[in-house]
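Participant: Give me a 3D structure for the following:
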Amino acid sequence: MKMNRKSTGASCDIYTRITDRIVADLEQGVRPWMKPWSVANAQSRITRPLRHNGLPYSGMNVLLLWSESVARGFSSSIWMTFNQALELGGAVRKGETGSTVVFASRFTKSENDGQGNEVDREIPFLKAYSVFNVEQIDGLPERYHEQPVPVVDPVERIGQADRFFRNTGAVIRHGGGQAYYSPVTDHIQMPPFETFHDATGYVATLSHEATHWTAHPSRVGRDLSRYAKDKTERAREELIAELGSCFLCADLGIVPELEPRSDHASYLQSWLRVLSDDKRAIFQAAAHAQRAVSLLYDLQGAAETGIRAA
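Facilitator: Modelled structure (predicted):
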């Protein structure tokens, strides 16, 4: 695929526009990825946004469509393009505006290697397109307007989450008053279960630490060597863990940590600095979080694929 400067510039603008939206929320002390759970009418289970064919969105698109749903008051989690609506016999209502999602790909550019040879170099790029919530579309088949499946019993949800983390094979130890992942000993440390306000709080915290756990070289291999010494690298990794936890909690039917942990307060300013300095940082964090969550699902085995989100 070939790409011109205009296309590359458009990609840069996408990064800037979306990052600026997230920065604006953070400047108000709001973590935008927590908005779906924070709104007053979020009484039902929060799920990942779904495509017209029922497949869930992943990575950055989860954040974008969650944000749009909250801002525009949509209760449905299903989205589709203008043409997909037409193919299903529906039509986007006049005056409705779409919501931005992104598609990441690569194009090949030929360059001189300095020795007179032409070499191909792959360059990543981002393309934006619009989707519409089914609540903006008339004439769709009735299945797109059916009420969501009732929320699973809380006890059953917790049991399902327990099985999920047990199936990862992670070493989880209990004791002390802090939750953390130790790269040195490759284990997750959790405070005793009874010290948490409720079972969902325990699972939400564990989902955060499990995202850190995936960084080990034998798993996805995120570099944590500078975590303890470099505030910027620590902020990036904590952002990945926050997003990974949100993705997992949505899949497992668990409410994430709505109240930031005490050690998160310092990250707010760090995240603002990281995002302001690097317009691709939130996209990279979402991609890393998605890879982390995908690995945790890959570890489930055939018996546990019913809750998998792609």
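Participant: could you say which helix or strand contains the residue lying closest to residue 32 once chain neighbours are set aside?
Facilitator: Spatially, and ignoring its direct neighbours in sequence, residue 32 is nearest to residue 25 (4.2 Å; C-beta to C-beta, 6 or more residues apart in numbering). For the C-beta atoms, the positions are set from N, CA and C on the backbone; glycine is no exception. For residue 25, the host element (DSSP states H and E) is helix 5-27.
Participant: With residue 126 instead?
Facilitator: In the assignment (DSSP H and E), residue 126 maps to strand 118-133.
Participant: Give me the buried positions along that strand.
Facilitator: Neighbour counts over strand 118-133 (16 or more other C-beta atoms under 10 Å) mark 125-126, 128, 131-133 as buried.
Participant: okay if I get the residues you listed as CSV plus pLDDT?
Facilitator: Formatted as CSV, the buried residues of strand 118-133 follow (pLDDT from 0 to 100):
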residue, pLDDT
125, 77
126, 84
128, 92
131, 98
132, 98
133, 97
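Participant: Which residue ranges make up each domain of this structure?
Facilitator: Following the assignment in automatic domain parsing, the chain carries domains at 5-145, 154-307.
Participant: re earlier: what lies in contact with the strand holding residue 126?
Facilitator: 3, 7-8, 10-11, 14-15, 65, 68-69, 72, 74, 76, 78-82, 85, 92, 96, 98-113, 283 (C-beta atoms under 8 Å, 6 or more residues apart in numbering).
Participant: State the next helix or strand along the chain beyond the helix holding residue 25.
Facilitator: Scanning forward in sequence from helix 5-27 by DSSP H and E, the next helix or strand is helix 35-38.
Participant: what's next to that next one, contact-wise?
Facilitator: Here helix 35-38 makes contact (C-beta under 8 Å, 6+ apart) with 25, 42, 46, 66-67, 69-70, 250, 255-256, 258.
Participant: Of all pairs in those, which one spans the longest distance?
Facilitator: By the measure C-beta to C-beta, the contacts of helix 35-38 have their two most distant members at 25 and 255, which lie 19.3 Å apart.
Participant: where in the chain is pLDDT low?
Facilitator: 1-12, 39-44, 148-152, 261-265, 302-310 (pLDDT under 70).
Participant: which stretches of it form helices?
Facilitator: Applying DSSP state H to the chain gives helices spanning 5-27, 35-38, 60-72, 82-87, 154-167, 199-213, 231-252, 265-277, 281-298.
Participant: Serialize those helices to TSV and add fields for mean neighbour count and distance to residue 139.
Facilitator: Conversion of those to TSV gives the following (neighbours: other C-beta atoms under 10 Å; distance: least, C-beta to C-beta, whole Å):
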stretch	mean neighbour count	distance to residue 139
helix 5-27	14	31
helix 35-38	17	28
helix 60-72	21	20
helix 82-87	14	8
helix 154-167	16	35
helix 199-213	23	39
helix 231-252	23	29
helix 265-277	16	40
helix 281-298	21	33
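Participant: circling back: residue contacts, the residue nearest to residue 32?
Facilitator: Listed by C-beta under 8 Å, 6+ apart, the contact set of residue 25 reads 31-32, 35.
Participant: can you put those residues in CSV and add distance to residue 20?
Facilitator: Compiled in CSV, the contacts of residue 25 are given as follows (distance: C-beta to C-beta, whole Å):
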residue, distance to residue 20
31, 16
32, 12
35, 17
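Participant: Nearest to residue 206 among those residues?
Facilitator: Nearest member of these to residue 206, counting by C-beta to C-beta, is residue 31, at 19.0 Å.
Participant: Do I have it right that the closest one meets residue 242?
Facilitator: Yes: contact criterion C-beta atoms under 8 Å: residue 31 and residue 242 qualify, at 7.2 Å.
Participant: And for the spatially closest residue to residue 299 that is not a sequence neighbour, the neighbour number?
Facilitator: Closest residue in space to residue 299, ignoring its immediate chain neighbours: residue 168 at 4.7 Å, by C-beta to C-beta, 6+ apart. Other residues lying near residue 168 total 19 when counted by other C-beta atoms under 10 Å.
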